[in-house]
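>>> give me a 3D structure for the following:
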Amino acid sequence: MEQVLDVIGATALILLVVIGAVAGLIAGAVAGRRKLLYLAAGIVGAVALPFVLAALGLGVLAAGGLLVIAIVALVGAVLLLAVVRALFGDRRS
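Below is the predicted model:
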């Protein structure tokens, strides 16, 4: 885990937050409501998934460099946004 934290560094952490924010803003614009919820979920998903994978022992994340970390962050943001959409989505039935 310490190796991943060394690799990620401040620049990569900022990149993770930006990726999550963009994904959250897009999801909020598509949903039309609860934009702040989608923004927060996108950021949390993008930042959390690389750390979760590192904690599970996937060293390829650190070896893959910044591009792999960015792709994993995007996947994490999209996954958490899908969960938020399923839990708090449109309830008009």
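>>> buried sites along whichever strand or helix holds residue 73?
Using DSSP states H and E, residue 73 falls within helix 66-88. Across helix 66-88, burial judged by 16 or more other C-beta atoms under 10 Å covers 69-70, 72-78, 80-81, 84-85. C-betas here are computed from N, CA, C, even on glycine.
>>> helices and strands of this protein: which one has the lowest mean pLDDT?
Of all the helices and strands that make up the chain, the one with the lowest confidence by mean pLDDT, DSSP states H and E is helix 60-64; it has a mean of 65.
>>> thought residue 42 was touching residue 21?
Yes - the pair residue 42 and residue 21 qualifies as a contact (C-beta atoms under 8 Å) at a distance of 6.2 Å.
>>> so if I had to pick from those two, which one is more boxed in?
residue 42 (29 against 16; other C-beta atoms under 10 Å).
>>> what about the longest helix in this protein?
Ranked by residue count under DSSP state H, the longest helix found in the chain is helix 2-31.
>>> between the next helix or strand after that helix and helix 66-88, how many degrees?
Using DSSP H and E, the helix or strand that directly follows helix 2-31 along the chain is helix 35-55. For helix 35-55 against helix 66-88, the angle by axes from the mean of the first three to the mean of the last three C-alpha atoms, to 10 degrees is 130 degrees.
>>> so where's the protein uncertain?
Regions of the chain meeting the criterion pLDDT under 70 cover residues 1-8, 58-64, 90-93.
>>> now with 80, please.
Per-residue confidence for the chain (pLDDT under 80) gives these ranges: 1-11, 32, 54-55, 57-66, 69, 89-93.
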